[in-house]
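have a look; sequence and predicted model below, questions after that.
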Amino acid sequence: MKNDSYAPRWVLNVVCAAIAQRFVEGNLPLEAYANQMATELEKHYSDCSPEKLSSAAEAMLFFLAEIEDDNAITYCKSFIYNSALFDFANYPRKLKGMFFDPLAPRREMTTSKSIVYGFRAFVFRLRSDSQLAAPSEWMLANVDELKVLNDIISVEVIFFDAI
């Protein structure tokens, strides 16, 4: 794999929010989710270390604890929804095209710090505009073009993955 096959920022947004969400909903260490998802992501991208993913997801959860908000699952699901379906200017993300792959590697690397900053900004926007919330019935699995990404965030995780 080439060294410049970096994950798109929005893919990392989705994965880190999914790690945080699964940690809150589940009963396994955060590292178990990060390790397993990083293993899957590293098949496609060169910059997806478990440390990068877990530090971003952990910082997201610390931020929610800091602002004393207990809607972590709602924020994570809405961040996944908006990151997957809309670009940075809030326009619908292009997911189809004859010669287009929305999951194609990029040449710019995304830092865990920028993922957390994006999440923080999104939470404040969502708190002031409830229309940004994900529809209750929405699931990433229903977006055919993002099946590979859904498979990554839905990967089976066991306790020993934390090691």
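Looks like it came in fine.

helix, strand, or coil at residue 45?
Judged by DSSP: H, G, I helix; E, B strand; the rest coil, the three-state class of residue 45 is coil.

count of neighbours near it?
Residues lying near residue 45 (other CB atoms under 10 Å) number 20. Every C-beta, even on glycine, is put in place using the N, C-alpha and C of the backbone.

once you drop chain neighbours, what's closest to it?
With sequence-adjacent residues excluded and distances taken as CB to CB, 6 or more residues apart in numbering, residue 45 is closest to residue 7, at 4.0 Å.

then residue 109?
Once chain neighbours are set aside, the closest to residue 109 by CB to CB, 6+ apart is residue 6, at 4.5 Å.

what of residue 51?
For residue 51, the spatially nearest residue (CB to CB, 6+ apart) is residue 34, at 7.8 Å.

my guess is residue 161 contacts residue 32. True?
Yes - checked against CB atoms under 8 Å, the pair residue 161 and residue 32 is within contact range at 4.1 Å.

and the nearest residue to residue 9 once chain neighbours are set aside, how far is that from residue 74?
Nearest-residue entry for residue 9: residue 110, 4.3 Å, with adjacent residues in sequence omitted and distances by CB to CB, 6+ apart. As judged by CB to CB, to the nearest Å, residue 110 and residue 74 stand 24 Å apart.

looking at those two, which one has more neighbours?
In this view residue 110 and residue 74 are compared by other CB under 10 Å, and residue 110 has more residues nearby, 23 against 16.

ok, back up a step: ok now do the residue nearest to residue 9, which residues does it touch?
Shown here is residue 110, whose contacts under the criterion CB atoms under 8 Å, 6 or more residues apart in numbering are 6, 7, 8, 9, 12, 47.

sec struct for it, please.
The three-state label given to residue 110 by three-state DSSP is coil.

can you tell me how far it is from residue 95?
Distance, residue 110 to residue 95, using CB to CB: 19 Å.
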